[in-house]
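>>> I'd like to go over a predicted model; first the sequence, then the structure.
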Amino acid sequence: MTETQAGSITVRRTIEASAEEIFDAWLDAESLATWMQPGAILRATARTEARVGGAFEIVMHTDAEQLLHRGTYQQIERPRRLVFTWISPATEQRESLVSVELHARGNATEVVVTHERLPERETASHVQGWTDALALLARKLG
């Protein structure tokens with residue numbers, strides 16, 4: 001399920017894994033690089049400093065280019081909530097804000113990704129990007 005508003009999107013997916021497993025997959029650089037590969041991305045590399053105020057960097061590689069995504073962790077509340085800034089070519093190198101909420105649903109976990117402060121013309125691409133990434137995360141953990 002996806003919701004969009006001016007400059008803001010929310011993507012939801014239920015994944016057959018514990019909230020702890022999913023939460024850790026967001027903060028572990030090696031794990032993050034394996035599933036943060038939406039769309040035409042062939043591979044990714046990642047670096048994380050998993051603490052409030054710590055930075056992360058994800059480089060997504062296509063046939064033609066390398067796309068740098070970076071930000072700073074604002075909130076880390078294991079295993080329920082993660083908030084970080086997000087700066088990328090698709091945000092026009094402006095700071096946007098991503099919130100990840102995890103809700104236990106029996107043996108599964110609902111993942112809710114809200115991305116705010118996006119350029120309006122980029123909301124559709126971010127819906128697709130987060131949808132793809134969560135599908136890859138589900139495959140990795142499933």
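Yep, that arrived.
>>> how distant is stretch 19-26 from the center of its chain?
Centroid separation for stretch 19-26 versus its chain: 12 Å, with CA atoms, centre = their mean, to the nearest Å.
>>> Contacts for stretch 37-52, please.
With contact meaning CB atoms under 8 Å, 6 or more residues apart in numbering, stretch 37-52 is reached by 27-30, 32-34, 36, 54-63, 67, 73-76, 128-133, 136. Quick note: C-beta positions are derived from backbone N, CA and C, even for glycine.
>>> can we see that at 7 Å?
Residues outside stretch 37-52 that contact it (CB atoms under 7 Å, 6 or more residues apart in numbering): 27, 29, 32-33, 36, 55-63, 73-76, 128-129, 132-133, 136.
>>> Okay, helices next: where are they in this protein?
Per DSSP state H, the chain carries helices over the ranges 19-27, 29-35, 123-141.
>>> Mind listing what's buried along the second one?
For helix 29-35, the buried set under the neighbour-count rule, 16 or more other CB atoms under 10 Å, comprises Ser31, Leu32, Ala33, Thr34, Trp35.
>>> Can you spell out which helices and strands pack onto it?
helix 19-27, strand 43-48, helix 123-141 (3 or more CB pairs under 7 Å, 6 or more residues apart in numbering; DSSP states H and E).
>>> Recalculate using a threshold of 8 Å.
The contact analysis (3 or more CB pairs under 8 Å, 6 or more residues apart in numbering; DSSP states H and E) places helix 29-35 against helix 19-27, strand 43-48, strand 55-61, helix 123-141.
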